[in-house]
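Colleague: here is my input, please return the structure:
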Amino acid sequence: MANVSASRAGVEARLDRLVTENRFTIAVVFPVVGAVLLLASAETLLPAPLNFNPALVLFGTLVMRLPLVAGLAPLVGRRAAAGLGFLTLYAYGIEYVGATTGVPYGEFAYGVDLGPMLLGKVPLGLPAFFLPLVVNAYLLCLLLLRDRAASALIRLPAVIAVVLLMDLVLDPGAVALGFWSYAAGGVYYGVPVQNYLGWMLSATVTVVILDYVFPWNALRRRLAACEFMLDDLVSFVVLWGSINAYFGQWVPAALAVLLGAGLWRTNRFDVPPPWLNRS
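Modeller: A predicted model of the protein is given here:
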């Protein structure tokens, strides 16, 4: 058991170093390159094999998730692992129901190949797209709320609200790119109100379970010790803010800026390019 613990600690330490030494590349360069490739794909400017290439999309997503994975890793015990496993199954399940019945998000269809599909309906990589959004929202709220985060009656609604804010940025950008579309359209850049009611349901379930399996005070201590833990949210702001701005979708672009302001307020939007660190 001691050998296993030492081995795990070694892996976690190497992952921390990897992220620390490549913060700017992961948090800024990857989302900028990703935005350029996605927009070029939407405009059909790339060779066919690269146009919305699912392997590239998934690879870029996983790289941008590294800071969050490294930050959470020391806190993942049996209870947290079980909770994350349940949320993975929940994400697949509710997405399958949504894709086949239109409930709870509204009738929609994927327009871009996002990789292997479970049962022909749900992208296999879905948990890597969805769960980090909720975790990032939770971490940001812990920092913004400060001592008020001790109250679940304040903490949980705040996190759910931030998750919805993030989807107000994400969904219009994804629809503009053609990732997916809603059969009946929608008043908010092609996204129906029903989608956000569905996200409220998904966010509530996910936030409550995360709050149970990851003690909020342990997460806050890890946040204090891990300067890069919210870099994935930096990537989100850069990627989806720029995509929405390109399409002239100024409300979601402004909401991305609002998220960036939250990061700035917590001293987390501070990823310097490597050349500024040279003595």
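Colleague: phi, psi of L118?
Modeller: Here is the backbone geometry of L118 (degrees, to the nearest 10): phi -80, psi 130.
Colleague: A150: how many residues sit nearby?
Modeller: 12 (other CB atoms under 10 Å). Every C-beta, even on glycine, is put in place using the N, C-alpha and C of the backbone.
Colleague: please give me every residue in contact with it.
Modeller: Shown in contact with A150 (CB atoms under 8 Å, 6 or more residues apart in numbering): 216-217.
Colleague: start the count at 334 instead of 1 going forward.
Modeller: Done: numbering now begins at 334, and the last item shifts to A483.
Colleague: and it, how far is that from A494?
Modeller: As judged by CB to CB, to the nearest Å, A483 and A494 stand 18 Å apart.
Colleague: R412 too?
Modeller: Distance, R412 to A494, by CB to CB: 26 Å.
Colleague: where does the stretch 334-483 of the chain have low pLDDT?
Modeller: Along the stretch 334-483 of the chain, the parts satisfying pLDDT under 70 run over 334-337.
Colleague: break down it into its strands, ranges please.
Modeller: 441-443, 450-451, 455-456 (DSSP state E, counting those that start in this stretch).
Colleague: out of these, which one sits most buried?
Modeller: strand 455-456 (a mean of 23; mean count of other CB atoms under 10 Å).
Colleague: who does that one pair up with?
Modeller: strand 450-451 (antiparallel) (DSSP bridges).
Colleague: nearest to A406, of the strands of the stretch 334-483 of the chain?
Modeller: Judged by CB to CB, the one of these that comes nearest to A406 is strand 455-456, at 24.1 Å.
Colleague: distance between the closest one and the chain's centre?
Modeller: The chain centre lies 16 Å from the centre of strand 455-456; the measure is CA atoms, centre = their mean, to the nearest Å.
Colleague: hmm, who's touching that strand?
Modeller: Residues outside strand 455-456 that contact it (CB under 8 Å, 6+ apart) are 425, 428-429, 432, 443, 447-450, 462.
Colleague: picking up where we left off before, can I get the strands of the stretch 334-483 of the chain in a markdown table including distance to R356?
Modeller: A markdown table is the format used below for those (distance: least, CB to CB, whole Å):
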| stretch | distance to R356 |
| --- | --- |
| strand 441-443 | 32 |
| strand 450-451 | 33 |
| strand 455-456 | 28 |
